[in-house]
Structures are given as C-alpha cells and as structure tokens.
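S.K.: coords please:
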Amino acid sequence: FLKEGREVKKNLVDLIGSKCAVKIGAEGVRLREGSYINKCLMNLGTIIKKLRDGIESQG
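M.R.: Numbers count the residues shown, from 1 in each chain. As a prediction, the model looks like this:
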C-alpha cells in the first residue's frame with residue numbers, strides 16, 4: 001500500500017456500530033451477525049497489515 005513513497009492507509013468500516021445498532025433497532029440474531037461481521041473485518045485488517053509489514057521488511 002505504498003504510493004509514490006507515501007503510506008496510504010485503508011480503513012475497514014464498522015458495519016454496525018453500537019449507535020447504528022440502536023438506531024435501526026438491531027437485536028438478537030441481527031445484532032450478533034453484525035458483531036461477527038465486524039470481528040471478521042477486524043481480523044482481515046490484521047492479516048492485511050501483517051502481510052504488508054512482511055512485504056515492506058523484505059523490500
């Protein structure tokens with residue numbers, strides 16, 4: 001994720017933040033699904049960062 005010598009950060013969006021969940025009335029299964037999606041996105045972000053860090057350290 002380097003562009004012209006500058007680091008460009010990509011942020012994954014919290015799909016169902018606590019304020020949003022309250023606003024749309026998410027509860028039960030829907031709220032748990034949102035929580036699982038957010039956890040998966042966080043894990044994906046961690047993996048991408050580790051891959052990027054590994055490439056940068058080799059390069």
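S.K.: And the helix or strand where Lys39 lies, what's buried?
M.R.: Using DSSP states H and E, Lys39 sits within helix 29-58. Within helix 29-58, the residues scored as buried using 16 or more other CB atoms under 10 Å are Leu31, Gly34, Asn38. Where C-beta positions appear, they are placed from N, C-alpha and C, glycine not excepted.
S.K.: Touching, Ala21 and Arg32? I think so.
M.R.: No. With the criterion set as CB atoms under 8 Å, Ala21 and Arg32 do not qualify as a contacting pair; they are 10.7 Å apart.
S.K.: Least confident secondary structure element in the protein?
M.R.: When each helix and strand of the chain is scored by mean pLDDT, DSSP states H and E, strand 2-3 comes last, with a mean of 50.
S.K.: Okay, now the unreliable bits of the chain?
M.R.: 1-19, 59 (pLDDT under 70).
S.K.: got the contact list for Cys20?
M.R.: Residues counted as contacts of Cys20 (CB atoms under 8 Å, 6 or more residues apart in numbering) are Ala26.
S.K.: which SS class is it?
M.R.: Cys20 carries the three-state label helix when classified by DSSP: H, G, I helix; E, B strand; the rest coil.
S.K.: any idea how far Thr46 is from it?
M.R.: Applying CB to CB, to the nearest Å, the value for Cys20 to Thr46 is 23 Å.
S.K.: next one: Arg32
M.R.: Relative to Thr46, Arg32 is positioned 21 Å away (CB to CB).
S.K.: swap in Gln58?
M.R.: Here the distance between Gln58 and Thr46 works out to 19 Å (CB to CB).
S.K.: Repeat that for Ser57.
M.R.: If you measure Ser57 against Thr46 using CB to CB, the figure is 16 Å.
S.K.: what do you get for Ser35?
M.R.: Between Ser35 and Thr46 the distance, using CB to CB, works out to 17 Å.
S.K.: what's the answer for Ala26, then?
M.R.: In this structure, Ala26 and Thr46 are 25 Å apart, going by CB to CB.
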